[in-house]
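Novice: Have a look; sequence and predicted model below, questions after that.
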Amino acid sequence: MARMTIFNTLEQETFESPPVFNSVDRLKFFFAPLMFGDSMESMRTPINKVCFIVMAGYFKARRKFFARRFHQSDIEFVARQIGVNPDDVQLKAFSYEIYARHQRLILHHFGCSAFDASAKAFAATLIAHMVRVQFRPKLVLL
C-alpha cells in the first residue's frame, strides 16, 4: 500500500528542525537562567549551560527536542547573554548522556513526561478519533 504524503519536503524539514528565531523571539525564549537557576548552578561547563538554555527555549517554542541540533546564531546569543565566549561552545563536546539528562530536567520543569508506551497509546487513541472525523492529517501532526 502506498504511503500518504502529509508534508512536502520543505514542510518536513521545517517540522524536524529547531525553530528559527528573530531577535525578539530570542529574548522571549532564551531567558532560562532566571527560570532554571538551581539547575544552572550544577552545570560546570559553558557548553552544558548554553546548550541547556537553547534546548529549553526550543522546547518552550515547539514542545519537542531536536536531537542535538542547534542554530549557531542561538548558541552565540545565549553564550553572550550568560557571559560565555561563543568560541568556547564546541557542540562536538556535548555528549548524548548530558543531552538526555537535560531533556529530563526540561520535561520535569514544564510538567511534561517522556513519550513512552502509555503516551503512545494515548496518542494513538486521539489520532484514531481524528481520523474517524476526517481531520486533516497535517493538522493532526502539527
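Specialist: Structure's in. What do you need?
Novice: Please parse the chain into its domains.
Specialist: Following automatic domain parsing, one gets these domains for the chain: 9-111, 113-142.
Novice: okay, these in CSV with mean pLDDT and distance to residue 3 next?
Specialist: To be clear about C-beta, it is placed using only N, CA and C from the backbone, and glycine gets the same treatment. Supplementary listing: the domains of the chain in CSV, determined by pLDDT from 0 to 100; distance: least, CB to CB, whole Å:
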stretch, mean pLDDT, distance to residue 3
domain 9-111, 88, 13
domain 113-142, 84, 11
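Novice: so of the ones you listed, which one's packed in deepest?
Specialist: Taking mean count of other CB atoms under 10 Å as the contact definition, the stretch among the domains of the chain with the greatest mean neighbour count is domain 9-111, which reaches a mean of 15.
Novice: Quick check: end-to-end length of that domain?
Specialist: 33 Å (CA to CA, to the nearest Å).
Novice: cool, stretch 31-40 as well?
Specialist: As for stretch 31-40, its first-to-last residue distance stands at 12 Å under the measure CA to CA.
Novice: Good, we can wrap up now.
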